[in-house]
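J.: Build me a model from this:
(chains A and B)
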Amino acid sequence: KGHAQRISLSEKNASLEKVLNQIKKQSGYQLWYEDRLLQKARPVNISVKDVLLEEALKQVFIDQPLTYEVVGNTIAVKEKVNAAPATGKAPENILPPVDVTGRVLNEQGEPLVQATVSLRRGGGTQTDINGVFLLKDILPEDVITISYTGYEPVTVTVGNKTFLALVLKVAEKGLDETVVIAYGKQKKISVTGSVTSVNMQDMRTPVRSLTNALAGKVAGIISMQTGGEPGYDNPAFTIRGIGTFTGSNSPLIIIDGVQRDDVNSSFGGAYNNIDPEDIASISLLKDASATAVYGARGANGVLIITTRKGVAGKPKISAKIETGITGLTKTPDMLDGVTYMKLLNEAKTNMGELPVYSNEVIQKTASGLDPYLYPNVNWIKTIYKDWAPLYNGNVNVSGGGEAMRYYVSASFYDQNGSYKVSKTNGYDPNLNFKRYDFRSNVDVNISKTTLLSLNLDAMLVNSRYPGTSAGRIWYAAYATNPISFPVAYPGGKWAGPRNNGGSNPFNLVQNAGYSTEFKPTIQSIISLDQKLHRVTKGLGAMARFSFDSYGSFDNIRAGTNDLWYAGSRDGHGNLVYEQVRTGNQFLGYSSGSSGQRVMYLEGNLTYDRSFGAHSVGGLLLYNMRNRVNGSADNVKFAIPYRNQSVASRLTYSYNDKYLVELNAGYTGSENFKKGERFGFFPAVSVGWVISREAFFDPLAGAVNLLKVRASHGVTGNDQIGAGDRFGYLTYISSGNGAAFGLGPAYYSGITESVFGVENLRWEKSTKDNLGLELGLFNKVNIVADVFHDRRRDILIQRQSISSIGGYSLSSIYANMGEMNNKGIDGSIEYNDKFGRNTRLRLFGNFTYAKNKIIFADQPKRTNTYQQWEGHRYGEFTGYSSQGLFVDQPDIDKSPEQKLGSVLIQPGDIKYRDLNGDGVVDANDWSYLDKSSFPSLLYGLGFTLGIKQFDISVFLQGVSDVGIMANGSGISGADGAAGGVGVVPFAGIGQYPGNVLSNVTSRWTKDNPVQNVDYPRLSVSNQSSNNYQNSTWWLKDGSFCRLKQASVGYDLGTASLRRAGIAGLYFYAAAQNLFTFSKFKLWDPELGSSGAAYPPARTITVGVRAQF
Amino acid sequence: YYLDKKPDNLLTEDMIWQTRANAESYLHNIYGYMHTTDGGDYASMGASDESSVCISGVNVRQMVAGNWSAASGYFYNWGAFYVGIRQSFVFETNINKVPVVELSDELKAQYKAENLFLRGWFYWQLLKQYGPFVKITGVLNQGEDYNQYPRAPFDTCVAYINELMNNAAQTLPVFWNSSANYGRPTKGTCLAVKAQLALFAASPLWNGNTRFNALKNQDGTPLAPAQYDAAKWKTAADAAKAVIDLNTYKLYTNADDGGGSFDPYLSCRDVFLRSWNNEIILSVNNWSYWGWTKCASPGPGGYNLYNATQNVVDAFSMNNGRTIDDPASGYVETGFASTGGANSWGHKQGDWNMYANREPRFYAYIQYNGRPVLPAPTVDDKNYYSSDANKNGTGRVEFYYNGKSGQKSAGTNNITGYDVLKRVNPSDNIRNDVTTYRPYIFIRYAEILLNYAEALNEYDPANTDIVKHLNLVRERAGLPGIETVYPAAVGNKDEMRKHILRERAVELCFEGDRYYTLVRRLLLGRTEHQTIYGMNVNADDGGLGFSFTGFYQRTLFQKRYWDDRMYLFPIAQSDMERDRALVQNPGW
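T.: Residues are numbered from 1 along each chain as shown, chains lettered A, B, ... in the order given. This next block holds a predicted model:
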């Protein structure tokens, strides 16, 4: 620690506390004292410049009734035992050996029991139950090291002291901070790959899905949550964006060393359900150096989650209880009945047809006097309520001793859906999501060199959903216009459509039954870690076995009720009912279940040793994994999914200054033909910690860290897309049938669904990464990485084979695709304290990734602008709007538009004729340069602590993302029209659909302006001229959310501590309180499909307590 | 070998040819490509003047609006037919590998012949829709240079289809002894395809059509025949006569089923409903008859999707055999009928006069306003289609504005005031989605008779066979012979042609024939076939219901877009891009 120990102080009559804090700030040392001691302190007068810490302290403590001791990098303040001046010189002569006592505490002041106290010259002891040790016959030059599992060891020279107060800090802090990397840990300073850790403080948020909470918290993640239905709200989640255009984009997920990503989607997101309270760390591995050891699974990046482990000490109990309310970020505004009728009349008139609704009917609807014959229903407000309750709690206990440590935890999460329903039918149809999660992580030291660990996690998701899916309910709410029928008639008669198609949206939630789901998950890991120092120093071996079991069970009680329609009143004014549907007497019953199990075995050898300035590390690992789908629908998917790999790593560092690392994975997958199964994935990386160079010393005060690193390597992806397997095999499966005879008799047919192609392999991703880490004034940390990912051999389906070959109905795979993905990600963090009472942390990060499809085996397009290659994944296509036709001459002189069957009129959208043939048709769409997946995601926030209060705010946003807001994302349900709710009056075979209320901003003959939301109104559908995908409807989907805001109060007082409560913290927090976006129609994160369950907005209050 | 895992139940390409069951399944799959429609295909529904589809966004509506190009991909059948063609070669080269103990040589020969027929059928369908095709003579590899495959000239295409049909006909029986084989092609089927093909080749589209002079391959090979060839009509007549001379087929009548005395209505209706009869030359037996019935039937039980037009309504003659433009026909356009028709299936008192005393086929094929809904067996089901005021157990369909199947309650449903009634079974209950089996007929004997009369009339108008065979069709429809009502037409080529084409329009309505007749005759582009009328379905009936006369106004429904390029479908742009040797059809 050669830097920042020089102190400059100039104080007059300052409090000792203030002065010590100054020293702390300048030196980076910690302070340790008891409050009552400082009350005795005298004012300090001091003026020093650029003196050594020891010298400064001496001056400070002159005339004080107190003295100090520097232990490690802690300055401990203590009472002067006698009046003898502490500054006095020690006698020159050799002192006889003395007995030295000491006390070992952790930072919370708790004694550490059975800590190891060792003398450098040999011998040692352990601390007792009070953390006290006694060493006899100690000389002043003796060096003592105190170590304790999970803490950083402290080494002191005894000197003339007879009492040593020692404080051990929990490991993984400061310069020796380690990060979790692939199959291990590394000192942060020596990491040469692109690895980022998440600050777990930021993850304390009552969000069901872990990946939702991750967005914006760490550089490297781009994710979009396209639906908020509890239990089905996992986002599309990528590390550094999208690198391949077929197959999986999902990162590999490793939990406590075991792969657990591919079971995620089917079981409600097993890893997404982990309570953040139970997580010790989350690491993101982004470049080839960090991921190469995962070989054919690492190309999409790796997310490593490590759960908490026990730390020796008294049982420490933490509890968190929070409760709150949850609602929807945004529900769209639909037209009210009166405006709806007026606009439908306008649309009909525009089409040369007669208006549908007479003034009388409109008047009657407006009056609201007869809501049964002239209904006016806001379906969305009828279906959804503003707030529903939410509960979340976690209790965990950790502790143990040298021999055994434990972390056990129980958590509970309970969220209600936003449906405004009641229990009128004897069941509650509202959505309810409950999660129970028990975890037990135990570490046992079998011998001094052998560690046995057992991690057990049992989780149960128990949820209930309405008898109709959320998607269909949203569809119906968009599709059903406000005037078709009321919700229900007097006397409990539920209303319904009189004709084919359509439905009463509220009835779909309230009276369609319910389904319950439960999803048990067990994840278990047992591992044995053996240090092999006897063989050679620094060598270790580890074996790990894991099995997971996942299940999902659905019980569906769906049913229909009687529906009625009243179209008139009789002579007495009574409604004349017509029964339009006869319901079931009882709810039906059906069920579904599925399950998977995963087994994993790993064995590894590690080596880690320093020879002076040289540090060498190595890893050699073998693993195998086997996943079985217990509910596959055919043999192909029932065959175990297997992987096998050997991985190795070599690291070398000189003085933590020059760093080199070699990583390699040799991995195999059952997915490919023998001989093609295994692949070798090497990576090399180098790092240079410039700030440790001697020439850097003059700058050391300002720049405490400067490090550059670079990596290059290859990783792979064996997930070949569409969930398919064995692309090298020809599949002959059922095809068309034929029927002959009078009956007739039906005969099944067989056809080649897949033509096997030999030599299929995984995708290869060549990744380059250049990183910079910068630390300033010990307060600011900046990390930035530039990356370039070239994916080759992407397993695609052949596209260029002419259909005259007769292969167009079969799949033919080939390793032909190529894609580029480039970008930059970075983060900045600033930590500071102002005075004694104010703490500030500012942080921000961003990830920018832009991909380009290089080759996809598309034929050479006649219209070059329709060539997919050269464009982005998910890029929108459509026509180029040139505004609205002004008048008939404008139409006459423009290219003829042949999109949609309605005659083009003024007020319709005018498109550019891209190929210049005088006609606008299917030859004139092009790529529109905006993708449905953002290329930029950022997060920024701050935490400000003032005395016991703290406030924190976190904003997250995405940019460079489009929304095709023409209803194209809303697909038809129940055989009915797509685009409802956006495309005016769309809907066939049912009542014309409702429209978003912004349709009032439209082109009309009386007000023929261009700056409107909608073109001329007509009864339209998705293929109408005006509702084609086009730049008119392509909106900027960027948004920025106030994703989290919280205020807290820390009631950690001494009196509480005496009562056994180590900490008590009250807080109120909010999620998704505001969203800022140019796009106002629905929550922009939903993308082009606005008819979906929006993300949750949540407000909670809670308390955390530690005992 | 930890990773040595793969499905152990995989049928390999070799294994297909080891058992009879697998080999037959492969053939069945090829049969499947015959069937690309549930009847709602462009030709049978929406592309010609006989019908429309109520949803304006569907592809056939885009077609008639002119909103299509090579990039649209509407009714893209090219790819699937070529899959069928490739598989037919695979079948042909491998079928002999099946051990004799599994599959007898006799059956192999039969299946090979069926397989040849199927290949010919696919090529025939390609030729009708796209014109000259790429002639493939074996299995092409995936790695082939596909830019080497140009289209074959029209006459080559015709000759190739004829060759395939001849080869198939050599083996196939005239009649299947076992009814279990109904649905497989026979010798007669092959001859019937040749008859269709010959008529198509003789017709003006491909016979002397100067518009196609420029249709040449890149090497200059012309794809259309250079000269008009009158002899092609004789070929066509002879080809049809060859089917007739088989003496295997006859027009179906209800009496064939022991249904008592001859009834033209039942005969014309039930020819489509019996699971097999001697009029059927080629049918597909697995098709979505539910889908057809649902789409054709009125709301609220059906979708009201398939709408007949006023144009086809006007083509039906009166029950005296005279056309409605004939002053002697007794046709009255306005007013309500004061009495019902003589037959139980005829019009009822109170029906609009336009619908009174029409020929039996009118009542069998057209669902007009006030005509009881057919697939509604019980009183309760019938009442389901009636407004409160009309619930009298008759189930008269209400196409008027406020009616149960009208514009108001049904949104954008029925747009012409008519639904299609062909292939609809009275024992169905479409409200509850109950439908019973019936085959989908591709070729039936009535068409062959009309093909013969039409072709013969073109080169030998004096031939008495013309009247004779035309009259067979008329008589089954309960109509007097053409010579009795229109004697002047006999021997008069132009007059007789009109009658034959009108007879086709009525007899073969909604079967796809109308579209291809107008196409091959180069008539589809004519204004009268592009101007589509219906009833006035949009007018508010003011609650008058069936007594609202404003509904019965002939109302212009569509002026369709026409361009002569539409006589052929475009080769899909994506196919042009994958085979650079292809030339596009004229105008596209």
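
J.: quick one: A:F855 and A:D929, what's the gap?
T.: To A:D929, A:F855 is 20 Å away according to Cβ to Cβ, to the nearest Å. (Each C-beta comes from the backbone N, C-alpha and C, glycine too.)

J.: got it, and A:A1045?
T.: 35 Å.

J.: Who has more neighbours out of these two?
T.: A:A1045 (19 against 13; other Cβ atoms under 10 Å in any protein chain shown).

J.: Mind naming the longest helix for the chain?
T.: Using chain A. helix A:337-350 (DSSP state H).

J.: Wait, chain B was what I had in mind.
T.: Max-length helix for chain B by DSSP H is helix B:105-130.

J.: Give the buried residues for that one.
T.: B:107-108, B:110-130 (16 or more other Cβ atoms under 10 Å in any protein chain shown).

J.: likewise stretch B:517-530?
T.: B:T517, B:L518, B:V519, B:R520, B:L522, B:L523, B:L524, B:H529, B:Q530.

J.: quick one: the residue lying closest to the second one once chain neighbours are set aside from chain A, how far?
T.: Of all residues beyond its chain neighbours, the one nearest B:L518 is B:L524 (3.9 Å), with distances taken as Cβ to Cβ, 6 or more residues apart in numbering or on different chains. As for B:L524, its distance to chain A is 18 Å (criterion: Cβ to the nearest Cβ, to the nearest Å).

J.: Look up how far B:M566 lies from B:L524.
T.: 7 Å.

J.: For chain B, what is the nearest residue in chain A?
T.: Taking Cβ to the nearest Cβ, chain B has its nearest neighbour within chain A at A:N736, 1.9 Å off.

J.: pretty sure that residue is in contact with A:T751, am I right?
T.: Yes - with contact defined as Cβ atoms under 8 Å, A:N736 counts as touching A:T751 (7.1 Å).

J.: Between those two, which contacts overlap?
T.: B:N29 (Cβ atoms under 8 Å, 6 or more residues apart in numbering or on different chains).

J.: for chain A, which spans come out with low pLDDT?
T.: The model of chain A has pLDDT under 70 over residues A:1-4, A:72, A:81-95, A:171-176, A:262-270, A:499-501, A:720-722, A:901, A:974-975, A:988-991.

J.: can you point me to the longest strand in it?
T.: Using DSSP state E, we find that the single longest strand of chain A is strand A:811-834.

J.: Direction included, what does that one pair up with?
T.: Partner strands for strand A:811-834, per DSSP bridges, with pairing direction: strand A:750-755 (parallel), strand A:780-797 (antiparallel), strand A:838-855 (antiparallel).

J.: Reformat these into JSON lines and put mean neighbour count next to each item.
T.: As requested, the strands paired with strand A:811-834 are exported to JSON lines (neighbours: other Cβ atoms under 10 Å in any protein chain shown):
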{"stretch": "strand A:750-755", "mean neighbour count": "20"}
{"stretch": "strand A:780-797", "mean neighbour count": "21"}
{"stretch": "strand A:838-855", "mean neighbour count": "20"}
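
J.: all helices of the stretch 51-200 of chain A, in order?
T.: A:53-61 (DSSP state H, counting those that start in this stretch).

J.: ah, wrong one, I meant chain A
T.: Going by DSSP H, chain A shows helices at A:16-27, A:35-38, A:53-61, A:210-214, A:288-291, A:337-350, A:359-367, A:379-383, A:470-479, A:505-510, A:635-638, A:888-893, A:1054-1058.

J.: Figure out which of the ones you listed is closest to A:A973.
T.: helix A:470-479 (4.3 Å; Cβ to Cβ).

J.: chain center to the closest one, what's the gap?
T.: 27 Å (Cα atoms, centre = their mean, to the nearest Å).

J.: got the CA coordinates for it in CSV?
T.: Output of helix A:470-479 as CSV, limited to C-alpha atoms (Å, rounded to 0.1, in the frame of the first residue of the first chain):
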residue,chain,number,x,y,z
ALA,A,470,-54.6,-12.8,-20.4
GLY,A,471,-53.9,-12.5,-24.1
ARG,A,472,-57.4,-13.3,-25.1
ILE,A,473,-58.8,-11.0,-22.4
TRP,A,474,-56.8,-8.1,-23.8
TYR,A,475,-57.7,-9.0,-27.3
ALA,A,476,-61.4,-9.0,-26.3
ALA,A,477,-61.0,-5.7,-24.5
TYR,A,478,-59.6,-4.1,-27.7
ALA,A,479,-62.0,-5.9,-30.0
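
J.: How about it and chain B, any contact?
T.: No - Helix A:470-479 is not in contact with chain B by Cβ under 8 Å from any Cβ of the partner chain; minimum separation 11.3 Å.

J.: Next to chain A, which bits of the stretch 201-350 of chain B? Give me the list.
T.: Checking the stretch 201-350 of chain B against chain A by Cβ under 8 Å from any Cβ, the hits are B:S275, B:W276, B:V284, B:N285, B:N286, B:G299, B:P300, B:G301, B:G302, B:Y303, B:N304, B:L305.

J.: The second one is in contact with B:Y437, isn't it?
T.: No - taking contact to mean Cβ under 8 Å, the distance of 10.7 Å between B:W276 and B:Y437 leaves them out of contact.

J.: which ones are touching A:Y911?
T.: A:Y879, A:S880, A:S881, A:Q882, A:Q897, A:L899, A:V920, A:D924, A:Q1028, A:S1030.

J.: should've said B:H469
T.: B:H469 neighbours (Cβ under 8 Å, 6+ apart): B:I244, B:L449, B:L450, B:Y452, B:A453.

J.: In strands, which of these fall?
T.: Among the contacts of B:H469, no member lies in strands (by DSSP E).

J.: Which members of those are the farthest-apart pair?
T.: B:I244 and B:L450 (11.5 Å).

J.: List the residues that contact B:A113.
T.: Residues near B:A113 by Cβ under 8 Å, 6+ apart: B:N167, B:A168, B:A169, B:Q170, B:T171, B:L172.

J.: List only buried entries from the residues you listed.
T.: B:N167, B:A168, B:A169, B:T171, B:L172.

J.: Now do the contacts for the third one.
T.: I take that to be B:A169. Taking Cβ under 8 Å, 6+ apart as the test, what B:A169 contacts is B:A113, B:K187, B:C190, B:L191.

J.: Which among these count as buried?
T.: B:A113, B:K187, B:C190, B:L191.

J.: Among the residues you listed, which are located in helices?
T.: Going by DSSP H, the helices hold B:A113, B:K187, B:C190, B:L191 from these.

J.: Assess the claim that the last one and B:I244 are in contact.
T.: No - proximity of B:L191 to B:I244 does not meet the contact threshold set by Cβ under 8 Å, at 9.5 Å.

J.: tell me the two of the residues of the stretch 201-350 of chain B next to chain A that are most distant?
T.: Among those, B:W276 and B:P300 lie farthest apart (Cβ to Cβ), at 33.3 Å.

J.: okay, the two: which has more neighbours?
T.: Shown here are B:W276 and B:P300; by other Cβ under 10 Å, B:P300 has more neighbours (22 against 18).

J.: Are we agreed that the more buried one is in a helix?
T.: No - assigned with DSSP: H, G, I helix; E, B strand; the rest coil, B:P300 falls outside any helix and is coil.
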